[in-house]
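**Student:** Give the three-dimensional model of this entry:
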Amino acid sequence: MDSLGAVIGGMIGPLVAVAATWFAVRRAHRRDPAGVQRVMLGAFFAKFVFFGVYVVVMIKVFKFEAVPFVLSFAVSFLGLYALQAVMLARLFRQSAPEAR
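**Tutor:** Modelled structure (predicted):
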């Protein structure tokens, strides 16, 4: 496989995980803000398994070059999760009662 495919493959997994988590958290927050922690904990365990399987499949089955794949995966993972942290902070700040 070429390096471009490995770079794109490294970006897809974190993007899918962050998007799925964001939609699940937003939905849970609208329904029951107190239930968000349970959703996030479940998402953590699901992503733990997902990322393990994802990396093995991409490198062993799709035969992506390891270095470009891992570098793009790491950069995408860190960048997207930093963005998600900012978005979560904004979501919780909007719904939090005013501190007195």
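
**Student:** CA atoms for contacts and neighbours, from now on please.
**Tutor:** Will do.

**Student:** Strands of the protein, residue ranges please.
**Tutor:** Read by DSSP state E, the chain holds no strands at all.

**Student:** center of it, which residue is that?
**Tutor:** Centroid-nearest residue in the chain: residue 18, 2.8 Å away (criterion: Cα atoms, centre = their mean).

**Student:** For that residue, give its distance to residue 80.
**Tutor:** Residue 18 is 7 Å from residue 80, where distance means Cα to Cα, to the nearest Å.

**Student:** Any chance you could list what contacts stretch 81-90?
**Tutor:** 18, 22 (Cα atoms under 8 Å, 6 or more residues apart in numbering).

**Student:** Which positions within it qualify as buried?
**Tutor:** By 16 or more other Cα atoms under 10 Å, the buried positions in stretch 81-90 come out as 81, 84.

**Student:** Kindly export it (C-alpha atoms) in CSV.
**Tutor:** Extracted in CSV, the C-alpha atoms of stretch 81-90 (Å, rounded to 0.1, in the frame of the first residue of the first chain):
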residue,chain,number,x,y,z
TYR,A,81,-9.6,14.3,21.3
ALA,A,82,-8.4,17.7,22.3
LEU,A,83,-11.2,19.2,20.1
GLN,A,84,-13.7,16.9,21.7
ALA,A,85,-12.5,18.0,25.2
VAL,A,86,-13.1,21.6,24.3
MET,A,87,-16.6,20.8,22.9
LEU,A,88,-17.5,18.8,26.0
ALA,A,89,-16.4,21.6,28.2
ARG,A,90,-18.6,24.0,26.2
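
**Student:** Hmm, residue 37 and residue 24 touching each other?
**Tutor:** No - counting by Cα atoms under 8 Å, residue 37 is not a contact partner of residue 24; they are 11.2 Å apart.

**Student:** ok, now which ones touch residue 5?
**Tutor:** So residue 5 contacts residue 64 (Cα under 8 Å, 6+ apart).

**Student:** 10 Å - rerun?
**Tutor:** 11, 62, 64-65, 68-69 (Cα atoms under 10 Å, 6 or more residues apart in numbering).

**Student:** before we move on, back to that, distance of the residue nearest to the centre of the chain from residue 46?
**Tutor:** 12 Å.

**Student:** these two touch, right, residue 14 and residue 52?
**Tutor:** No - if you go by Cα atoms under 10 Å, residue 14 and residue 52 don't touch, sitting 11.9 Å apart.
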